[in-house]
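Provided below are the primary sequence and the corresponding predicted coordinates.
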Amino acid sequence: MRKIIALTICSLFLVGSNNAELVIAKDNKEWDVGDYVKYEIMGDGFATRFGQSMGGEDYLRIENFNAAAEERVIGRETIEFNNQTYDCNILKESLSFSFTVVFKEGTGVSDNEKMKFEMEYEYNEWQENIFNTLKSEYSFTYSATWLEYGETRTYERINEEDDSYTNHQGSWPESFEVGSSWTHSKNIETISTSRERFDDEEWEVTVDEYDMTETADYVVTDEAIVTTSAGTFDTLVVEKRKQEEGVGNYTLEYINSDFLSVKRVAYTDGEILVTMQIKQYNIKSIGSSPSNDDSDSDMGLPNLSFLLSIASIGSIAIFNRNRL
């Protein structure tokens with residue numbers, strides 16, 4: 001389910017069933033250029049999971065964790081797609097992580113047993129409405145820095161993809177309540193370019209084209225009250241599982257009556273990967289959060305399981321190389 005995702009600053013929240021039965025009507029409101037939502041990423045669980053997957057028993061801790069997230073409607077564009085014309089919003093999602101992984105003494109990863117990682121993810125979507133994305137572009141940049149015999153060493157990876165979405169099957173219900181369920185599938189045509197290098201050497205470039213069908217099952221599992229710095233929200237908990245992934249990989253979204261996702265939790269292998277909550281928003285058709293100063297953002301929420309899998313490939317390669 002692609003839409004503006006609003007997520008909040010406070011770790012203090014109440015999650016539980018409401019006595020009243022909450023029913024949310026399908027809201028296909030149009031977002032305006034300039035509308036935005038800012039997020040808080042709760043805790044350093046993503047970095048911890050990354051470090052553990054990379055170092056195994058040699059992993060010790062995370063230092064200097066920072067994360068930033070934002071979603072913003074940056075423009076409108078009329079596009080021709082499958083011989084039809086669509087007026088689309090362009091939604092930009094941004095996400096960044098920066099942290100240092102510390103390993104046990106004697107591991108041999110670097111001179112000081114530390115590696116610094118920076119990841120930036122940018123995702124642009126062309127949306128006919130919040131339920132229908134026609135195409136998307138994303139870029140993921142990833143770098144690692146460490147000391148080796150007193151010299152700074154680096155590894156860089158850039159992944160870019162252009163995706164087109166066709167052959168949609170299944171439809172969203174007209175209203176949502178506990179017990180609602182539906183399935184949606186789409187064909188994804190992808191052009192992928194991957195670049196990687198060590199120490200500013202020549203880039204190794206791989207280009208690939210492929211298509212696949214993605215099918216996701218949705219079910220409204222519960223009602224919940226979520227209290228944040230932006231307010232208290234009555235929500236429905238929507239569980240999303242992709243049929244192509246393992247049973248432990250899924251997301252929970254907490255949707256309020258404005259069809260805003262107040263909170264989102266991503267699970268990988270049955271464990272929480274990332275929790276995000278609303279920090280600040282300004283949406284013309286809904287209004288603004290109480291503290292709305294449009295300051296520099298804590299930037300966003302793309303496909304976080306993708307980030308972990310891509311980043312781990314590069315980092316594990318570095319880790320193994322340094323232990324030879």
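Yep, that arrived.

how far away is Asn82 from His168?
11 Å (Cβ to Cβ, to the nearest Å). C-betas here are computed from N, CA, C, even on glycine.

no, scratch that, I was asking about Asp58
For Asp58, the distance to His168 - Cβ to Cβ - is 46 Å.

what does Ser110 give?
Counting by Cβ to Cβ - Ser110 and His168 are separated by 48 Å.

what does Gly55 give?
Distance of Gly55 to His168, given as Cβ to Cβ: 42 Å.

of those two, which one has the most company?
Comparing Gly55 with His168 by other Cβ atoms under 10 Å, the one with more neighbours is Gly55, at 21 against 14.

got a list of what the more buried one touches?
With contact taken as Cβ atoms under 8 Å, 6 or more residues apart in numbering, Gly55 is in contact with Val101, Phe103, Thr107, Val109, Phe319.

ok, so of those, who is nearest Asn64?
Closest approach to Asn64 among the contacts of Gly55 (Cβ to Cβ): Val101, at 10.3 Å.

quick one on the thing from earlier: which of the contacts of Gly55 fall in strands?
Val101, Phe103 (DSSP state E).

among the contacts of Gly55, name the buried ones.
Val101, Phe103, Thr107, Val109, Phe319 (16 or more other Cβ atoms under 10 Å).

can you tell me the SS state at Glu57?
Judged by DSSP: H, G, I helix; E, B strand; the rest coil, the three-state class of Glu57 is helix.

what number of residues are in the vicinity of it?
9.

what is the helix or strand encompassing Glu223 packed up against?
Using DSSP states H and E, Glu223 falls within strand 204-228. Judged by 3 or more Cβ pairs under 8 Å, 6 or more residues apart in numbering; DSSP states H and E, strand 204-228 is in contact with strand 181-198, strand 231-242, strand 250-255, strand 261-268, strand 271-283.

the ones you listed: which one's closest to Gly43?
Nearest of the helices and strands packed on strand 204-228 (Cβ to Cβ): strand 271-283, 6.9 Å.

report the distance from the closest one to the chain centre.
10 Å (Cα atoms, centre = their mean, to the nearest Å).

what pairs with the next helix or strand after that strand, and is each one parallel or antiparallel?
Per DSSP H and E, the first helix or strand lying C-terminal to strand 271-283 is strand 287-288. Its sheet considered, strand 287-288 pairs with strand 271-283 (antiparallel) by DSSP bridges.

is it true that Thr183 touches Ser171?
No - Thr183 is beyond contact range of Ser171, at 9.8 Å (criterion: Cβ atoms under 8 Å).

I'd like to know how many residues surround the closest residue to Trp172 other than its chain neighbours.
Of all residues not flanking Trp172 in the chain, Phe131 sits nearest, at 5.3 Å (Cβ to Cβ, 6 or more residues apart in numbering). Phe131 has 17 neighbours, counted by other Cβ under 10 Å.

same question for Leu134.
Count around Leu134 with other Cβ under 10 Å applied: 19.

quick check, it in a helix?
No - with three-state DSSP as the criterion, Leu134 is located in strand rather than a helix.

check contacts around it.
Ile79, Phe81, Tyr86, Cys88, Trp126, Gln127, Glu128, Ser164, Tyr165 are the contacts of Leu134 under Cβ under 8 Å, 6+ apart.

so which of these are in strands?
The strands, defined by DSSP E, take in Ile79, Phe81, Tyr86, Cys88, Trp126, Gln127, Glu128, Ser164, Tyr165 from these.

quick check on the residues you listed: which are buried?
Looks like the ones in strands among the contacts of Leu134 have Tyr86, Cys88, Trp126, Gln127, Glu128, Ser164, Tyr165 buried, using 16+ other Cβ under 10 Å.

show me where pLDDT drops low in this protein?
Counting by pLDDT under 70, the ranges of the chain that qualify are 1-20, 28-29, 291-324.

Met54: what secondary structure?
From three-state DSSP, the assignment for Met54 is helix.

surely it meets Val101?
Yes - in this structure Met54 lies within contact range of Val101 using Cβ under 8 Å: 6.6 Å.

residue at max distance from the center of this structure?
Tyr149 (36.6 Å; Cα atoms, centre = their mean).

dihedrals phi and psi, that residue?
Dihedral pair for Tyr149: phi 50, psi 40, per degrees, to the nearest 10.

right, and it touches Ser110 too?
No - between Tyr149 and Ser110 there is no contact under Cβ under 8 Å: 9.7 Å.

wouldn't Tyr138 be in contact with Glu160 here?
Yes - contact criterion Cβ under 8 Å: Tyr138 and Glu160 qualify, at 7.2 Å.

quick one: Asn256 from Thr183, how far?
Counting by Cβ to Cβ, the gap from Asn256 to Thr183 is 24 Å.

ugh, wrong one, Thr145
Distance from Thr145 to Thr183, by Cβ to Cβ: 44 Å.

higher neighbour count, those two?
Thr145 (16 against 13).

just grab the bridge partners of the closest residue to the more buried one other than its chain neighbours for me.
With Cβ to Cβ, 6+ apart as the criterion, Thr145 has its nearest non-adjacent residue at 4.6 Å, and that residue is Lys116. Counting by DSSP bridges, Lys116 is bridged to Thr100, Thr145.
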